[in-house]
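Trainee: Prediction below, plus the sequence it came from.
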Amino acid sequence: MKPIIFVSPAREEEYAFLFQHETHISPAQLQKCLDDGRVLMARVDGQPAGWLRWSLFWDSVPFMSMLGLGAGTALTHAWEADMKKAMYPFVLTSTSQDEYAQHFYVRLGYRAVGGFTPPGDPLELILAKEL
């Protein structure tokens, strides 16, 4: 079944799903993202199936911070459409050079535009896509 994409959790089980699986930021910070409308969720067959969290890089460029679990392509396309409608000319994301995710993003039209090396970690690739 095709994923249904929506902004922020609408049901209690969706909140529980998100807070259980989104472990990259604190619960308080996740709640702020939810309050700011910066979380998209996917539902498949009526069940939570994945999420996308975003922020603004330099307070002006949409940056996909986290793409979690399933429905990644549908979530990314929905987010890009929202950002295009909001008149942003491009979006950014990043991934470690040793993760398969970089190939996923390239298939979706992103291209590497730079990177940096956090202490003790591999190169973090910055990827951009014009909308």
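Mentor: Now that the structure is in, tell me what you want to look at.

Trainee: show me where the protein has strands.
Mentor: 4-7, 39-44, 47-57, 61-69, 90-96, 111-116, 124-130 (DSSP state E).

Trainee: Any idea how far the longest one is from the middle of the chain?
Mentor: So the one you mean is strand 47-57. 4 Å (CA atoms, centre = their mean, to the nearest Å).

Trainee: so where's the longest helix in this structure?
Mentor: Assignment by DSSP state H gives helix 72-85 as the longest helix of the chain.

Trainee: List the buried residues in that helix.
Mentor: Neighbour-count burial for helix 72-85 flags 72, 74-76, 78-80, 82-83 (criterion: 16 or more other CB atoms under 10 Å). Placement of C-beta: from N, CA and C, glycine included.

Trainee: Near residue 59, how many residues? Count them for me, please.
Mentor: 6 (other CB atoms under 10 Å).

Trainee: Comparing the strands of the chain, which comes out most buried?
Mentor: Comparing those by mean neighbour count (mean count of other CB atoms under 10 Å), strand 39-44 ranks first with a mean of 22.

Trainee: Can you give the distance of the longest helix of the chain from its chain's centre?
Mentor: A distance of 9 Å separates the C-alpha centroid of helix 72-85 from that of its chain, computed with CA atoms, centre = their mean.

Trainee: That helix relative to strand 90-96, how many degrees between them?
Mentor: Relative orientation of helix 72-85 versus strand 90-96 (axes from the mean of the first three to the mean of the last three CA atoms, to 10 degrees): 150 degrees.

Trainee: could you give the angle of helix 72-85 to strand 124-130?
Mentor: 60 degrees.

Trainee: just checking, what packs against helix 72-85?
Mentor: Packing partners of helix 72-85 (3 or more CB pairs under 8 Å, 6 or more residues apart in numbering; DSSP states H and E): strand 4-7, strand 39-44, strand 47-57, strand 61-69, strand 90-96.

Trainee: can you redo the buried residues of helix 72-85 as a markdown table with distance to residue 59 and pLDDT?
Mentor: What follows is the buried residues of helix 72-85, written out as a markdown table (distance: CB to CB, whole Å; pLDDT from 0 to 100):
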| residue | distance to residue 59 | pLDDT |
| --- | --- | --- |
| 72 | 26 | 91 |
| 74 | 28 | 92 |
| 75 | 23 | 94 |
| 76 | 22 | 96 |
| 78 | 23 | 94 |
| 79 | 18 | 96 |
| 80 | 20 | 97 |
| 82 | 18 | 95 |
| 83 | 15 | 97 |
